[in-house]
Structure formats: C-alpha cells, structure tokens
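**Student:** Here is a sequence together with a model predicted from it:
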Amino acid sequence: MAEGGFVRLPDGSVVVALALPHPGAPGSAVRVLVHAANRPRALTRLRNLGLRSVYLRGNAAPPTPDEISAVLHHPDGVVWRSTPEIATESWHPMRRLLCRPRVA
C-alpha cells in the first residue's frame with residue numbers, strides 16, 4: 001500500500017501501521033495498526049481478516065508512539081481509525097471495520 005511502516009519493539013515484536021481503503025466507504029481511507037511477532041505475521045493477521053491485498057513496502061509512515069500505545073493496550077492487537085484523523089475519534093476494534101450492515 002502507499003503509506004505504511006513498522007517499529008520493532010524492545011521485546012522483538014513489531015507494530016505495523018498501514019493506510020488502507022475503507023471497505024465500506026469508497027474513496028475514504030483508514031489507518032490500521034497491528035501488533036505481531038514479526039512483519040510477515042502482522043500482514044498475515046490482516047489477510048486472515050479478509051484484507052487480501054495488504055503489502056508493506058518501505059517504512060515511510062511508521063507508527064507514532066501514541067499509535068503504538070493504542071495497539072499494545074487493545075486486547076486484539078489490531079485497531080483502526082479513519083484518515084485524515086479526527087481529533088475526537090478514538091481507535092476502533094477491527095471487527096467494527098469489517099462488519100457488514102444487515103439488510104432487512
């Protein structure tokens with residue numbers, strides 16, 4: 001994808017940040033953060049959630065310290081929020097991004 005990056009933590013694990021298109025709103029994007037043992041495993045976690053064309057090329061936009069704290073303190077280790085960032089918006093669990101609205 002266009003913007004993304006990673007940070008290796010002192011324990012050897014990584015936090016990967018990616019900018020992805022919003023699956024439910026064409027033309028908008030989300031910033032996704034993943035905590036995993038290594039970069040390939042982080043991308044595999046996203047692919048297993050249904051985001052098939054996820055790639056990390058380079059380290060142009062690594063996660064900030066605030067983003068690292070957000071993903072480390074979330075029980076799932078995968079969070080997102082819309083971009084451009086809204087100051088009052090908090091991080092959301094990944095299941096909230098991927099759920100489809102029910103048709104009556």
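**Tutor:** Ah, there it is.

**Student:** Give me the buried stretch members for stretch 35-43, please.
**Tutor:** Neighbour-count burial for stretch 35-43, counted by 16 or more other Cβ atoms under 10 Å, picks out 35-36, 42-43. C-beta: built from backbone N, CA, C; applies to glycine.

**Student:** can you check stretch 80-95 too?
**Tutor:** 80-81, 91, 94.

**Student:** Any chance of the residues you listed in CSV with secondary structure and distance to residue 59 as columns?
**Tutor:** Shown next, in CSV, are the buried residues of stretch 80-95 (DSSP: H, G, I helix; E, B strand; the rest coil; distance: Cβ to Cβ, whole Å):
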residue, secondary structure, distance to residue 59
80, strand, 20
81, strand, 21
91, coil, 21
94, helix, 22
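
**Student:** Which members of those residues define the maximum pairwise distance?
**Tutor:** Greatest spacing in the buried residues of stretch 80-95, by Cβ to Cβ: 81 and 94 (11.2 Å).

**Student:** follow-up on the earlier one: reformat the buried residues of stretch 35-43 into a markdown table and put pLDDT, distance to residue 56 and secondary structure next to each item.
**Tutor:** Output for the buried residues of stretch 35-43, formatted as a markdown table (pLDDT from 0 to 100; distance: Cβ to Cβ, whole Å; DSSP: H, G, I helix; E, B strand; the rest coil):
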| residue | pLDDT | distance to residue 56 | secondary structure |
| --- | --- | --- | --- |
| 35 | 96 | 14 | strand |
| 36 | 95 | 12 | strand |
| 42 | 92 | 8 | helix |
| 43 | 91 | 6 | helix |
